[in-house]
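> My questions concern the predicted model and sequence given below.
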Amino acid sequence: MNIKKCLYISNNKALIRNKEMIRVPEFDNLYTEEVITDTNRVKIYIDFGIVCYYVGIYNLVDLKNAKDKIKTYTLDFYLNKIREAKNNNQFINVAEIKLVELSGASKKEVQELIDYRQAWYDRKEKEEQEKRIKRELEEEEFVENKNKELENLVLAAEQAILNKQELINKNITIYKSKYESNTLSLILYMMKRYNINVPLKTQGWINQALYSIKYNKEWGEYSYMYYNTSANSTVFSKYLSQLIKEIQNKHLKTNQIKNINKEEYIIWKIQS
């Protein structure tokens, strides 16, 4: 066992503590604080003389295979690596700054590294904020476009009913966000929009069994078609009648408003 002054990071702080260390076999400057076997991965420190510097977790077999390369990992090598990271706008951690300080660098250089690290975090935070805002705007635009598509689909469905055309009960998707949505059938969605209180059992039937609604000229009323894999609903006709009535009333009110506006416009033209 060797007592070594070790530099490492804990809770985002650079700490220097004396530790009982074990020298890694076949290396003069590599140490670990763990029991060594040939295959396990252990925390590795490089002894720079001024301090044992933690460099990561490695497999001992891999270390031995890279023995010649590891010999070049001197204090100067790491100091140059840290300075190059600063020049290339790369991340520098608190232990690297402490290593530069322990190497005898000037207070000015150490402070520049501290300021650089803070500026790096500030820049990254700004970039992340810009990405987040862009992502939120894209999601809002996505939902808005989907809602417009849905609104156009419902208006077309209502017009089909007013024109006494067949309306297929296809599935539609309602988006609360880009990643949160709900799929149900068109006719059930329209009933929900008009606040028609349909029992859950009948809602399930509309979603799964109903194929279409169609105006029957012989009967003078709307009928419906459903898949023969399901039984007929004994109550759906009642809710269908409510839906058609609501759509007709809406259409009637819309036309009345249009006619009123048209009359007001004519009066204004006469008066002007």
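Sure, I can see it.
> Next secondary structure element downstream of the helix or strand in which residue 63 is found?
Using DSSP states H and E, the element containing residue 63 is helix 60-65. Moving toward the C-terminus from helix 60-65, the next helix or strand (DSSP H and E) is helix 67-70.
> helices and strands around the helix or strand that that following helix is followed by, which ones?
Moving toward the C-terminus from helix 67-70, the next helix or strand (DSSP H and E) is helix 75-87. Counting contacts by 3 or more CB pairs under 8 Å, 6 or more residues apart in numbering; DSSP states H and E, helix 75-87 packs against helix 94-102, helix 107-162. (C-beta placed from N, C-alpha, C; glycine too.)
> Need the winner for burial among the ones you listed.
Ranked by mean neighbour count, the helices and strands packed on helix 75-87 are led by helix 94-102 with a mean of 20 (mean count of other CB atoms under 10 Å).
> Now do that helix against helix 107-162, angle only.
Counting by axes from the mean of the first three to the mean of the last three CA atoms, to 10 degrees, helix 94-102 points 160 degrees away from the direction of helix 107-162.
> what does helix 94-102 contact?
7-9, 12-14, 16, 48, 50-51, 53-54, 75, 78-79, 82, 85, 109-110, 113-114, 117 (CB atoms under 8 Å, 6 or more residues apart in numbering).
> from the chain's centre, how far out does it sit?
36 Å (CA atoms, centre = their mean, to the nearest Å).
> Need the mean per-residue confidence for it.
Averaged over helix 94-102, pLDDT sits at 96.
> Now do that helix and helix 75-87, the angle between them.
Note on geometry: by the same axes, to 10 degrees, helix 94-102 and helix 75-87 are set 120 degrees apart in direction.
> Put the alpha carbons of helix 94-102 into PDB.
Only the C-alpha atoms of helix 94-102 are listed here, as PDB (Å, rounded to 0.1, in the frame of the first residue of the first chain):
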ATOM      1  CA  VAL A  94     -12.700  21.500 -12.300                       C
ATOM      2  CA  ALA A  95     -10.000  18.800 -11.700                       C
ATOM      3  CA  GLU A  96      -8.200  19.800 -14.800                       C
ATOM      4  CA  ILE A  97      -8.200  23.500 -13.600                       C
ATOM      5  CA  LYS A  98      -6.900  22.300 -10.200                       C
ATOM      6  CA  LEU A  99      -4.100  20.300 -12.000                       C
ATOM      7  CA  VAL A 100      -3.000  23.400 -13.800                       C
ATOM      8  CA  GLU A 101      -2.900  25.300 -10.600                       C
ATOM      9  CA  LEU A 102      -0.900  22.500  -8.800                       C
END
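> Brilliant, that's me finished.
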